[in-house]
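Chemist: how does the following fold in three dimensions:
(chains A and B)
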Amino acid sequence: MVSDIFINALFIPATADAVSSSSLWQYFANGVSLGSLYALIAIGYTMVYGILRLINFAHGDIFMMAAYFAFFGIAVFHLPWPISFILVIVATALLGITLERVAYRPLRDAPKNSILISAIGASFFLENLATYLFSGKPKAFPEIAFFADTVVIGGVSIQIVTFFIPVVTLIFLAVLLYIVNKTKVGMAMRAVSRDYETAMVMGVDINRVITFTFAIGSALAAVGAIMWGTRYPQVQPMMGVMPGLKCFIAAVVGGIGNIPGAVLGGFILGFGEIMLIALLPSLTGYRDAFAFILLILILLFRPTGILGEKIAEKV
Amino acid sequence: MLKVENLTVSYGGIEALKGITIEVPEGSIVTLIGANGAGKSTTLRSIMGLVKVKSGKITYQGEDITGLKTSEIVARGITLVPEGRRVFPNLTVYENLLIGAYLRNNKEQIKKDLAWVYELFPRLKERSWQLAGTLSGGEQQMLAVGRALMSRPKILMMDEPSLGLAPLIVKSIFSIIQQIYNNGVTILLIEQNANAALHIADWGYVLETGKIVLSGTGKELLENEEVKAAYLGKKRQASAI
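Modeler: Residues are numbered from 1 along each chain as shown, chains lettered A, B, ... in the order given. Down below sits the predicted model:
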């Protein structure tokens, strides 16, 4: 298969007859970094689900838009990368907020299916908007020397960004857990996630809490998109679909609604995918299937996910 | 202090409230009694801004608060202990109390009120680091009341605080209501336990299918034959035997 050859060229060292220890080490580094990327995006799914009980199917497309924003910031407007990163994060957060305002808020009291359909519609809309505005032709994500430089460790050369991604992910996770567990707005988020109406009676403005949730989730997707772009430097309108689905799976595997769970699920998925390629190169073409099989198994045997809470229904 | 005039509310074409008028004077305990579905909870929920009012007016200290956002109503000093307690099970006892003070910023004052709530309910202090979901029903009710007090309400509305609780705990809940009242908080109480409610109430309203059918002082209603028959179960009991 063509895609097999393509992927093999990308991921499998030329002498892939036996997995040597040095290439195993490379796989390990790749697995951790892909896992971290999945984790960053999966957090957005899990947070929105926690508050709205909605799978935000447009999240992957928010991620895609963020990659375009970064492309424009660096390659078109030639802004220095730190500045464009900040702008990308802000713009993506605003996009997420707008999405909620336009597509979800008007349906807040509608049946759950309506809002789910609206999410799918928003996803298609963003994909087609990007195709219309930026054309369907893939664009090259600008190379940022700082990330793209390689270092040679244990006989393999590895991009700096590979190490950077897990560190950034863990920092953001720590900040996020602090916000959710130790601050007033975090407390309000946890309260709203359990009981809208009672949270309102406490004086919590749920619209603000929901806006905040979308802003954070989208900002993390933006961070993910920037790092994704440096790692897999191609930007195109459908680039959010597969990562989006996989990160949704990661969130479910970890236990949807649970933030550390999303990170764990992301790592399992990313790491598992790369290790599958490393240990069973003949199955490389099935790497996407791996994610979906994992989803099916989880739904069959542990539907609440690994760290998921027992479902105590609202009375 | 709080006035509800000609309030009508409908849910999908069915009128839950058909023009009710009630008044809660400052420094009083007022109770609403009535059967299931009479519209008691709907009345409280419309005062809180949780349901859309179809017509009528709600005024608080002379100000029209009909249609305000719930958070704006809470900020004015009205709060609700919801039916079925509705504590946040995933928050600790301490956090549940803290979120009751969500709109307040004076840390010193919040600390003082926390101490007061712990004094009213020593059990909550013992369990302050436990998740609220692990508390017993009675403890959760205490937490729900404590949480409401943390907003420093001028009017505390309670929806069926004794529902599903053991008689001994019901008794202590009612004695707490009295203590809160003695602290200068005006109380609007809904109860299925009409007997207990009317005993502590200054004024009571009887609600029947969305209409006020009777009102009077707690004592008057306790002695009213119709109330006795319908809500205190005395006559019915006698005839059943």
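Chemist: going forward, measure contacts between C-alpha atoms and count neighbours the same way
Modeler: Will do.
Chemist: residue of chain A closest to chain B, please.
Modeler: Per Cα to the nearest Cα, A:Gly203 is where chain A lies closest to chain B, at 4.0 Å.
Chemist: can you tell me the SS state at that residue?
Modeler: Judged by DSSP: H, G, I helix; E, B strand; the rest coil, the three-state class of A:Gly203 is coil.
Chemist: once you drop chain neighbours, what's closest to it?
Modeler: B:Ser71 (4.0 Å; Cα to Cα, 6 or more residues apart in numbering or on different chains).
Chemist: sticking with that neighbour, tell me its helix or strand.
Modeler: Using DSSP states H and E, B:Ser71 sits within helix B:70-75.
Chemist: where in chain B is pLDDT low?
Modeler: Within chain B, the stretches with pLDDT under 70 are B:234-241.
Chemist: kindly apply the preceding question to chain A instead.
Modeler: In chain A, residues with pLDDT under 70: A:1-20, A:309-315.
Chemist: could you list every helix and strand in contact with the biggest helix by length in it?
Modeler: What stands out as the longest helix in chain A, according to DSSP state H, is helix A:21-52. Contact here means 3 or more Cα pairs under 8 Å, 6 or more residues apart in numbering or on different chains; DSSP states H and E; on that basis helix A:21-52 packs against helix A:59-71, strand A:156-159, helix A:160-182, helix A:184-194, helix A:206-231, helix A:241-254, helix A:259-279.
Chemist: B:Leu131 reaches B:Pro89, doesn't it?
Modeler: Yes. Assessed by Cα atoms under 8 Å, B:Leu131 is found in contact with B:Pro89 at 6.2 Å.
Chemist: quick one: residues contacting whichever residue of chain B sits closest to chain A.
Modeler: Going by Cα to the nearest Cα, chain A is nearest to B:Ser71 of chain B, at 4.0 Å. Shown in contact with B:Ser71 (Cα atoms under 8 Å, 6 or more residues apart in numbering or on different chains): A:Met200, A:Val201, A:Met202, A:Gly203, A:Val204, A:Asp205.
Chemist: tell me the most packed of the residues you listed, by neighbour count.
Modeler: Per-residue neighbour counts (other Cα atoms under 10 Å in any protein chain shown) across the contacts of B:Ser71 peak at A:Met202, which has 29 neighbours.
Chemist: name the nearest residue to it, sequence neighbours excluded.
Modeler: B:Gly100 (5.3 Å).
Chemist: can you check B:Tyr60 too?
Modeler: B:Leu2 is the one closest to B:Tyr60 (Cα to Cα, 6+ apart), at 4.5 Å.
Chemist: next, give phi and psi for that neighbour.
Modeler: Note on B:Leu2: its backbone torsions stand at phi -120, psi 130 [degrees, to the nearest 10].
Chemist: got the residues of chain B near chain A?
Modeler: Residues of chain B lying near chain A by Cα under 8 Å from any Cα of the partner chain: B:48, B:50, B:70-72, B:74-75, B:79-80, B:82, B:86, B:88-91, B:95, B:99-103, B:148, B:151.
Chemist: list the buried residues of stretch A:190-209.
Modeler: A:190-206, A:209 (16 or more other Cα atoms under 10 Å in any protein chain shown).
Chemist: can you check stretch A:123-137 too?
Modeler: So, applying 16+ other Cα under 10 Å, buried residues of stretch A:123-137: A:Ser123, A:Phe124, A:Leu126, A:Glu127, A:Asn128, A:Ala130.
Chemist: returning to what we had before: B:Leu131 and B:Pro89: who's more crowded?
Modeler: Legend: neighbour count by other Cα under 10 Å for B:Leu131 and B:Pro89, higher for B:Pro89 (20 against 17).
Chemist: and the helix or strand harbouring B:Leu143, what does it pack against?
Modeler: Assessed by DSSP H and E, B:Leu143 sits inside helix B:137-149. The contact analysis (3+ Cα pairs under 8 Å, 6+ apart) places helix B:137-149 against strand B:78-81, helix B:93-100, helix B:122-126.
Chemist: again, 10 Å this time
Modeler: Judged by 3 or more Cα pairs under 10 Å, 6 or more residues apart in numbering or on different chains; DSSP states H and E, the packing partners of helix B:137-149 are strand B:78-81, helix B:93-100, helix B:107-120, helix B:122-126, strand B:155-159, helix B:167-182.
Chemist: the helix or strand immediately after the longest one in the chain versus helix B:167-182: what angle between them?
Modeler: Okay, so that is helix B:167-182. Scanning forward in sequence from helix B:167-182 by DSSP H and E, the next helix or strand is strand B:186-190. Strand B:186-190 and helix B:167-182 are oriented at 150 degrees to each other (axes from the mean of the first three to the mean of the last three Cα atoms, to 10 degrees).
Chemist: would you indicate which residues of the helix or strand just after strand B:186-190 are buried?
Modeler: Where DSSP H and E defines the elements, the next helix or strand beyond strand B:186-190 is helix B:194-200. Neighbour-count burial for helix B:194-200, with 16+ other Cα under 10 Å as criterion, is recorded at B:Ala194, B:Asn195, B:Ala196, B:Ala197, B:Leu198, B:Ile200.
Chemist: C-terminal to helix B:194-200, what's the next element?
Modeler: Counting by DSSP H and E, what follows helix B:194-200 is strand B:203-208.
Chemist: which ones are touching B:Met158?
Modeler: With contacts defined as Cα atoms under 10 Å, 6 or more residues apart in numbering or on different chains, the neighbours of B:Met158 are B:31, B:41, B:44, B:79-83, B:85, B:144-145, B:148, B:177, B:187-191.
Chemist: give me that answer again for 8 Å
Modeler: Here B:Met158 is in contact with B:Leu80, B:Val81, B:Pro82, B:Glu83, B:Ile187, B:Leu188, B:Leu189, B:Ile190 (criterion: Cα under 8 Å, 6+ apart).
Chemist: quick one: it and A:Val156, what's the gap?
Modeler: For B:Met158, the distance to A:Val156 equals 69 Å [Cα to Cα, to the nearest Å].
Chemist: could you pick out the residues of the stretch 151-300 of chain A near chain B for me?
Modeler: Near chain B, when you scan the stretch 151-300 of chain A using Cα under 8 Å from any Cα, you find A:184, A:187-188, A:190-191, A:194-195, A:197-198, A:200-205.
Chemist: now for those residues: which two are most distant?
Modeler: A:Lys184 and A:Glu197 (17.8 Å; Cα to Cα).
Chemist: ok now stretch A:297-308, how far from the chain's centre?
Modeler: 20 Å (Cα atoms, centre = their mean, to the nearest Å).
Chemist: can I get it in CSV, CA atoms only?
Modeler: Only the C-alpha atoms of stretch A:297-308 are listed here, as CSV (Å, rounded to 0.1, in the frame of the first residue of the first chain):
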residue,chain,number,x,y,z
LEU,A,297,-12.4,-2.6,23.8
ILE,A,298,-12.7,0.1,26.4
LEU,A,299,-16.4,0.6,25.7
LEU,A,300,-16.9,-3.1,26.0
PHE,A,301,-15.0,-3.7,29.2
ARG,A,302,-14.6,-0.5,31.0
PRO,A,303,-17.0,2.1,29.6
THR,A,304,-16.1,4.7,32.2
GLY,A,305,-12.5,4.7,31.1
ILE,A,306,-9.4,4.0,33.2
LEU,A,307,-9.7,6.8,35.6
GLY,A,308,-13.4,7.5,35.0
